[in-house]
Every structure is written in structure tokens, then in C-alpha cells.
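> Turn this into a model:
(chains A and B)
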There are 2 protein chains.
Amino acid sequence: MLGVCGGGWHWYATHAQLVDLWLMSQPSDKKANQYGVTPQSTDFNDWYNEIVLKADLADYSPVRGAMVVKPYGWALWENIQKILDGQFKATNHEALAFPMFIPMSFLQKEAQHVEGFAPELAVVTHAGGELLEEPLVVRPTSETIIGHCWAKWLKSYRDLPFLHYQWGSVVRWELRPRLFLRTTEFYWHEGHTAHSSHTEAVEETLRLLEIYRSFARDYAAMPVIAGRKTDSERFAGAVDTYSIEAMMGDGKALQAGTSHYLGQNFAKAFEVKFQDENQKEAFAHTTSWAISTRIIGGIIMTHGDDKGLVMPPRLAPIQVVIVPIYRKENQDQMLEAARVLGTELKALGVRVKIDERDGLTNGAKYNYWELRGVPYRIELGPRDLEAGNVVLASRLGGEKEILARGEAIAGLPGKLEAFQNALLEKAETFRNSRIKTADTWDEFVDLIEQGFFVRAFHCGEVESEKKIKELTKATTRNIPMDSEGDLGAAEEGVCVHTGKPAAYGKRIIFARAY
Amino acid sequence: MLGVCGGGWHWYATHAQLVDLWLMSQPSDKKANQYGVTPQSTDFNDWYNEIVLKADLADYSPVRGAMVVKPYGWALWENIQKILDGQFKATNHEALAFPMFIPMSFLQKEAQHVEGFAPELAVVTHAGGELLEEPLVVRPTSETIIGHCWAKWLKSYRDLPFLHYQWGSVVRWELRPRLFLRTTEFYWHEGHTAHSSHTEAVEETLRLLEIYRSFARDYAAMPVIAGRKTDSERFAGAVDTYSIEAMMGDGKALQAGTSHYLGQNFAKAFEVKFQDENQKEAFAHTTSWAISTRIIGGIIMTHGDDKGLVMPPRLAPIQVVIVPIYRKENQDQMLEAARVLGTELKALGVRVKIDERDGLTNGAKYNYWELRGVPYRIELGPRDLEAGNVVLASRLGGEKEILARGEAIAGLPGKLEAFQNALLEKAETFRNSRIKTADTWDEFVDLIEQGFFVRAFHCGEVESEKKIKELTKATTRNIPMDSEGDLGAAEEGVCVHTGKPAAYGKRIIFARAY
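Purely as a prediction, here's the structure:
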């Protein structure tokens, strides 16, 4: 009955083969602790995979490498979106929507771009029951179709800048998918801007880098290194790529956001040109930038521990969970008391959940919410109620306090802020302890082997970067910005690998990366 | 260099053929009025197409039938999303995200579903440089992949209900695309819920119908008829489809939202089953529901006039535009005064835009914002400033008032509400004047020919509906709910077409439709 496909396809009888593959990639419970999770120290990768599934953030899908983002994971993404969207609007960017399909020929117009993305493309060849004359690509990123549309819209320098962004999903066929970190379809925003001058476009690129850096630090409690990528790590088609690089709990790096100065590369490929103030024709200077659902993987691996997730309060879908403690005879009374408490906290802007589930022990509920990383838990029992107290347990450290009810309520917004700061401080202390400087090749190899971020001089040669990767699995993460303090300090030296004079005027960051 | 495609494709040298097609579909300016728009009375379809483009709501894309939603159009959609999303969350629905690709074999599991959607599918056959073993469909709607995942997640009646929804886009290959009304890719939310009983699922279906009805009325100022679809107009795979039907400015109907009771059809096809309270295995009862960017077309055609759009204030991206009137010598002073006024209005929650563009006449600016349907315009000139006055112009009627500055500011929120109500009242008066009752076939044909909604008895036979459509181009819109007052009143009679006894126990609505 499916006439759309011509004949000749090999059909799965079922998709059982794929299901088997996922099941194999799922953890065995043998190694798990009392939270049902493999400890980080036993196997960090298994720990990660189990947390994502068991904390109900995401699930595998029947299509290879694609994920289902479950309500708890999507609520986190919605909070991320809300903060970033507000910052884009506050800096005069406008949301809009370009189509998900791009004619194949568009990708070929920018030579480096197509070379970078061709191996990862998903291609629509049939539609409406017919073979298409030109295949359509499901966007891996939208520079090309946006360039095409801008060329149509842009006439004069007065039309510029274009400050556009869109939320949505894109597709890149991944060989070794992992939930949130590398999925064939992932969610993101992509910003695209066009300017009349080089200077303005570079300013925009750096403005976004700073928005990303401060978002990661101030909301996700992830200290990151902002910097410029070396040539070999640039976005396909960019003049300069800037990134924020975070350190995960196993010491590996995660690129958590990128901002690209595209020069006039795409403008020339798509004829994005305008009449300048002197009536001369000029090509626009463009930028693009993105943060994706990958950052959720970063949050998990920055803050999580053997009990499970730890959510930074500013992004947490649930900041406080209330667990009413009751027997059959006082169930109604205790549920009601929990609801009243919840309402009072909500009135203070706290995101509260009341665990009204029946048939679970209190201990099981505590573990459930600890696994999900809720910053604070309030235990409310009959004796507490009578005494006008509540028991407050923090997900950090896990200590419990008995507090007067009023004090607990009034104090929670402040405690959430303190929790946020403590989380950042913890991550910073960890990170700072794991950034080391290497001046010799032996030191370098040794530190990388031990899982450190390594600050070293490099000659800037792509061949040397390749060789270093081959030998140590480490890549250049970025060239830290001057604003990165000691990490970005000017310094001269010789390449840790080739012994040639160092490029960049400072040490750069090497690490193994996700 | 694009190795992903095998060989043998016919490539466009350029996409010039497609561009030509769009240009042909674009209006000639010969018929346009002083706003640059063909009057509604001259050609309603041309008027619509021109408004969408000239008001910068959307543009054509290089991919056939897909649209680019421009910032002004997307801002309207964001406001629609915000309201509906709040209502979904308030009724305990959870947002999440299922992948855009669906294995082709999934669609075949529900016989009616695949029959309905097969002709409209876009199919990915290649990915990652290889021919896929099983082709993937770009979701036309997600019942199938969601059914598959639910089957994995659902164990016990305690897990139910699942109350899920997602925002995103879907693809249905359209033969006769029109911006917003029928595009190959369109934006929407799709809600999907699973329940343990028939009763609960039907309640959910009707709850959403009511959310849609009141959203259309209270926010879009679109009076709609809520009702059940006849058998021939049901969603492919549903037991019952409910819709809200709006009347456009040319008298034609627009289905603006649908809510489906799917019975156990999809649950059986995907084994969405659970242990009920008596430890017996049971299939879930499911629903699905959606409103898409089509409703933007509905807003345009409900409220627009020969000057352009009219935006309902509750959804308007810009509620008030301030046009400062100045000469070179007082430009700074007048711009500053406009900004101060804008800030005061923003503090009251009014969405304000200040038109600071230079080099345009005031008249050109007025036309520009009238075309875009901004409800109120404030003209602020030097003499007004001195006298402490502003000039306020309403997009409805176009009368101007001179008001004391403070009075204008304080009064605007109330005026916007009054504007919203006036818009609804106007739409209701128009609609009510164009719903007529027909008891004979001749009356029926005559009224349809004149562009009325026609209330008539019908026998319920699919064959007769087909014949009526063939003869008059009218289709059944819906069987109005009892709550629709006179329109839904119980009444017995004989079919206006076949003379057989009427089905449904009331008259139903016939109209030509978009």
C-alpha cells in the first residue's frame, strides 16, 4: 500500500535488530549501587548512560541514533531556552523559521561547508509519491538556505544588520551516537547574522561567545574556557570559530557552544550583497552560533555524582520536592499540609513538586528525587506538622536540617541561590585542580594520560595537531581569550611537540574530549 | 563531491524554474490600492497572498511549498504558543520531544492511517552516505512513533494517563501550497494522550476542543463553531474527530484546530497495553490534537481589510506603535520623547514599537503599520509635546483622538481590551449574518453559491456528502456541539439532499472551505 517508494527496498520484518543493539548498549545492573547506578569511579560512561535513562531525561528511539527527550529532560531544555531566548531578544535578535529541507545543490556552493557536512547528511529523495528532481537535504545547519533568502531580502546597507535566530532540530548522521552528546537529530538554536562590516560581524561573534560563557557559568554553573579554535577545529566554512569548553567529571572536555565569524564566505557563495553608503556593491559579513541539547550532557557530567543528577537550581525543572510522610489514618491531612506548603513556596517563585504517590516507601521517594538531582527535599511528617517544623535535605552533601516552617519557606529562595553558587564553586575547584602546564613532550603525554587539561605552547601546524591526536587522543580545545585570566595570559615559548616557535602568543588548551 | 547520492539524479543547474513559479503566483501591482494591496472585493485570494508577503509575515522558500516564517509572523506564532502552552501546562500536560524520522513500516501498522498519509509523505532513503535498509518518513504526524514508545514505557494503570505534547514542525507534501494555509512543512503542537478508560479519553478530547474553542474566541477574536466531524471528514485512524470551524472574510470555512478520539486503534496497532486494577491486560484509549500555523491564515482572513492586517491585541507582536514627528532641528528631542513614552507604556505591559526610521514620510509610516495591523498608533509631534498631548489613531475605523499624555498612557491597556472585544463582536456579527438555514435542495445550492455557511439536515451517508461536494464544492464542516446554542439545537428533519431521515438529531454545517 506504500506506493511512495518504488520497489526494491529491503524491509525489516521488525526493527528487532535495532532494539537489540540498544539493549546491548544499556547497562547491566550487576555493577549498580543502591541507587541502581554504576558508580562514576567504576565506569564513567556507563554511569552517564544509566543516569540519562534512569532519571527519565531521555530514551532511545526506534530510529538509529535519534533520541526521545522525555518530559523531565525537556523541562530542563525549556528552562535553558527561556534564559537564552531572553538574552537574544535583549540584544535585538529576532526569532524566525527557515524550512528544514535544503536543496542539495545549495550545500555545494560553499566548498569547505559541503566537504564538512556531506558525510553526515540525511537525504529526502521521494516526496508526494514521486522521485524528486533534486534531492533535499534535512538541514545539518542552515547557513546555505538562510544565505539564499538573505540575498533576496537584502538591498541596502539600511537593511542591515540582520540579527536572526531559530529554535528547532537538525540532523547529522552520527556513527557512534550517545544520548544528548551525539544524536542524529538534536535540538538547538542557530543564530545567523549579517553585517555591513568586518568589525561589526566580529563584535557580534564575540558578543555571542560572551552570552554563552556567562550562560554556562551563571545558569548551568559550568565554568568554561572561552577561546578561539585552531584552524583544524574550525566550523566548515568559517573564518574563525570560537568556543566555550567545559570540563566533565572524568576530566574530559566538552565543547558546549560555538560562535563563528564566517567572513564573506557564505555571502559570496549566495550573493548576499548590498549597496553601501557610497552606492557601491558590497558583500555582507556573516556570523552563526549555536548551543544544542549537548549542553544537557555537559550539565549531567559536570555536577552528577554516584547518587545521580545534581540540577543547578536556576535551570532545575523542580527546585524543591515535598515528600509528605503519613500513615493511612492521617494521609488526607498530611497531603493537604504538603499542598499548602507547596502553594506558599510557589508564591515565592520556587518550582515545587509534591510527591503524592502512594505505595512507595519514603526511602524510595528520597532516592527517586536524589537520582533526579532536585536541589532540596522537604520531608513533612505529622510530628513536624504539630511542632510547626519541616525537615530540609540538600542534594549537595545530603545533610538534613530541622527548621521552623516559616523560616524554611522564607529562606528557600536564598538557599537555592547559595546552592547554585556552591555548585559553581565546586565545579571550579575541581576544574582548576585539573588544569596543568606542560613544557616538555613527556610531561604533556603524562598529564594527558592522567586526564588533565594541559596548557602548552604549540607551533600552530595542522600536521602536528594530527600527530598529537594520534599519539595521545588529545585535541586542541581552544586558544583562551585574553579575558580568561591566567589561562589566557600572553607568553612566548616553543611548541611542546615540534620544538618550533609557538604560535598564538600564549599557551593553548589540549585535552581529550567528548 | 557529494558522494551521498549514488548517481543518476537530474540536478537543476539553478532553481530558476521554481523561482519563476513563485513569481507567477505573486500578485501584479496593477490592481493594488494605495496600500499596495489588491482590495478584498477585487480578489480575496490575491489580497491574502499579498498581505502575507507585504506585511512581512512569511516568504516563499526555495523548496516547493515550504515557507520561511519571517520575524513578524514568528512573533505572532510565539504569542500563540505562549498562551496555548500555558493552558496545556495548567491542565497537567507535559512537553517532550519525539524524533522527526519514523520508520516507514510504523505507518503501515494502522491501516487507515497509512492510507490517509501515504500520498503526502517525504521519504529519507539515504543517510550518512549510504542507502538506508529501511526508508524513514519525515513525520506527517507522530501517533505511530509515540505509540511505539508508549508501549515501551507503559506497564501499569498507575502510569496513566500519559499527557504529552510537543511543539515542532511536520511535513505533508501539498499539491497546491499556500502560505500558512497549506505548506509542505508547517509548525504546530501535537498533543498525544493515553488513558485507562474510554470515558477519560473522550473527556480529554473534549477538554482540548474547549481549550481550542476558547483560545480562538478569547485570544484570536475568532468566533468558531465547535463540533464533531462527519465520518468522511475524520482524521485517518480516529474514531471521532472534533474541530473548530471559523468563517473567513470571504465566507469560506477554515478548520482551525482538531481534537481526535482515537479509541484503541493505535493502542492495538502498537501494543500500548497495561495491567489494569484487576491485574488484567488492557489496551489504552488514546487521543491526539493540534493547532498549526494555519491559524495565522485564519487570523489574517478573519480580521484583515483593504488596508492590510488587523492584529487582535492579545496576540499582536506590537500593540502600539509610536511615530515621532520631527524636523532635522528637533529630531533628537522628539525621538527622546517617543522613547520615554514607550518606556512608560512598556511598564504597563503594553508591547510597544517606536518607529525611528529616518527618510520616510509620516504618511508612509502610517501606511506601513496599518498594513501590519498594529491596533494603535501614537503620533507625537512637537506641538503635541508642548501641549502635553498625543494623537491616538485606532486601526479599527481609523478615527484619531487627541488625548492628554497621561490619560492616553493610563487608558491604553483598557483600550486594547476594548479593541479586542470590538474585533470579536465585528467578526461575530459578520459570521452570524452569513449562517443560513436551508430546507430544500434549491435553497441549499443557492445559499452555498452565495458563500453562506448553511445549516441543513443530512442523512449521514458518505456517498451523499461526496455528491454534494461534487455539485456545490461544499463539504460538511461539523455537527455543532450542544453547547453551541441555536447552532447545536436538537431538531428532527429530512436530508436536504436525499430526503431520507436526518442523522445526528440536529442540523449540521455545510460550507466551502479552505
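> measure the residue located most distally from the centre of chain A to A:Leu360 for me?
Taking CA atoms, centre = their mean, the residue of chain A most remote from its mean C-alpha position is A:Glu329, at 47.0 Å. According to CB to CB, to the nearest Å, A:Glu329 stands 18 Å off from A:Leu360. (C-beta placed from N, C-alpha, C; glycine too.)
> just A:Glu379 next, same as before
Distance, A:Glu379 to A:Leu360, using CB to CB: 14 Å.
> neighbour-wise, which of the two wins?
A:Glu379 (19 against 12; other CB atoms under 10 Å in any protein chain shown).
> which residues touch that one?
A:Glu379 makes contact with A:323, A:325, A:362, A:390-393, A:400, according to CB atoms under 8 Å, 6 or more residues apart in numbering or on different chains.
> cool, A:Lys473 as well?
The contact partners of A:Lys473, by CB under 8 Å, 6+ apart, come to A:448, A:512.
> What residue in the stretch 251-400 of chain A comes nearest to chain B?
Taking CB to the nearest CB as the measure, the point where the stretch 251-400 of chain A comes nearest chain B is A:Gly359, at 7.9 Å.
> Phi and psi next, for that residue.
Dihedral pair for A:Gly359: phi 80, psi 10, per degrees, to the nearest 10.
> residues in contact with it?
Going by CB under 8 Å, 6+ apart, A:Gly359 touches B:Arg158.
> What are the boundaries of the helices in the stretch 351-500 of chain A?
Remark: helices assigned in the stretch 351-500 of chain A by DSSP state H, counting those that start in this stretch are A:362-371, A:382-387, A:405-433, A:441-449, A:462-472.
> May I see these organised as TSV, with distance to A:Glu203 added?
Shown next, in TSV, are the helices of the stretch 351-500 of chain A (distance: least, CB to CB, whole Å):
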stretch	distance to A:Glu203
helix A:362-371	44
helix A:382-387	56
helix A:405-433	28
helix A:441-449	35
helix A:462-472	28
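> Tell me how chain A divides into domains.
Using automatic domain parsing, the domain parsing of chain A gives A:51-303, A:320-419, A:435-511.
> My assumption is that the residue farthest from the centre of chain A lies in a helix; please confirm.
Yes - counting by DSSP: H, G, I helix; E, B strand; the rest coil, A:Glu329 is part of a helix.
> Of the domains of chain A, flag the one that's most buried.
domain A:51-303 (a mean of 21; mean count of other CB atoms under 10 Å in any protein chain shown).
> related to what we said a few turns ago, and the residue of the stretch 251-400 of chain A closest to chain B, what pLDDT?
Per-residue pLDDT puts A:Gly359 at 87.
> cool, and A:Gln112?
86.
> any idea how far it is from A:Ala236?
5 Å.
> With A:Ala118 instead?
10 Å.
> Double-check that A:Leu345 belongs to a helix.
Yes - secondary structure assignment places A:Leu345 in a helix (three-state DSSP).
> circling back to that earlier point, which among the helices of the stretch 351-500 of chain A is found nearest to chain B?
Of the helices of the stretch 351-500 of chain A, nearest to chain B by CB to the nearest CB is helix A:362-371, at 14.0 Å.
> Identify the residues contacting that closest one?
Contact with helix A:362-371 is made by A:34-37, A:51, A:54-55, A:307-309, A:318, A:321, A:323, A:325, A:355, A:357, A:360, A:377, A:379, A:393, A:395, A:398, as judged by CB under 8 Å, 6+ apart.
> Could you tell me which of these belong to strands?
A:321, A:323, A:377, A:379, A:393 (DSSP state E).
> Test my guess that the first one contacts A:Ile378.
This points to A:Val321. Yes - when contacts are counted by CB atoms under 8 Å, A:Val321 is listed as touching A:Ile378 (7.3 Å).
> Could you list the residues of the stretch 151-300 of chain A in contact with chain B?
Listed as neighbours of chain B in the stretch 151-300 of chain A under the rule CB under 8 Å from any CB of the partner chain: A:152-153, A:158, A:164, A:168-169, A:171, A:173, A:175, A:184-185, A:187.
> from these, which is closest to A:Ala513?
Proximity of these to A:Ala513 (CB to CB) peaks at A:Leu175, which lies at 16.3 Å.
> so which helix or strand takes in A:Ala194?
Assessed by DSSP states H and E, A:Ala194 sits inside strand A:185-195.
> which residues touch the residue nearest the centre of chain A?
Centroid check for chain A by CA atoms, centre = their mean gives A:Ile295 as the closest residue, at 1.3 Å. With contact set as CB under 8 Å, 6+ apart, A:Ile295 has these partners: A:80, A:216, A:220, A:256-257.
> got the residues you listed as a markdown table, with distance to B:Gly86 and secondary structure columns?
Listed next are those as a markdown table, based on distance: CB to CB, whole Å; DSSP: H, G, I helix; E, B strand; the rest coil:
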| residue | distance to B:Gly86 | secondary structure |
| --- | --- | --- |
| A:Ile80 | 19 | helix |
| A:Ala216 | 28 | helix |
| A:Ala220 | 25 | coil |
| A:Ala256 | 30 | strand |
| A:Gly257 | 29 | strand |
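> A:Asp46 reaches A:Val52, doesn't it?
No - counting by CB under 8 Å, A:Asp46 sits too far from A:Val52 to count as a contact (11.1 Å).
> Which of the residues of the stretch 151-300 of chain A next to chain B fall within strands?
A:164, A:168-169, A:171, A:185, A:187.
> So which of the residues you listed is the closest to chain B?
For these, the minimum distance to chain B (CB to the nearest CB) is 5.3 Å, reached by A:Glu185.
> Now that we're looking at A:Met23, what pLDDT does it have?
If you look again at residue A:23, you'll see it is Leu, not Met. Reported pLDDT for A:Leu23: 41.
> wait, A:Val462 sits on A:Ser232?
Yes - A:Val462 is within contact range of A:Ser232, at 4.7 Å (criterion: CB under 8 Å).
> element containing the residue lying closest to A:Leu315 once chain neighbours are set aside, please.
The shortest distance from A:Leu315 to any non-neighbouring residue, by CB to CB, 6 or more residues apart in numbering or on different chains, is to A:Asn79 (4.7 Å). Following DSSP H and E, one finds A:Asn79 within helix A:71-90.
> Alright, calling it a day.
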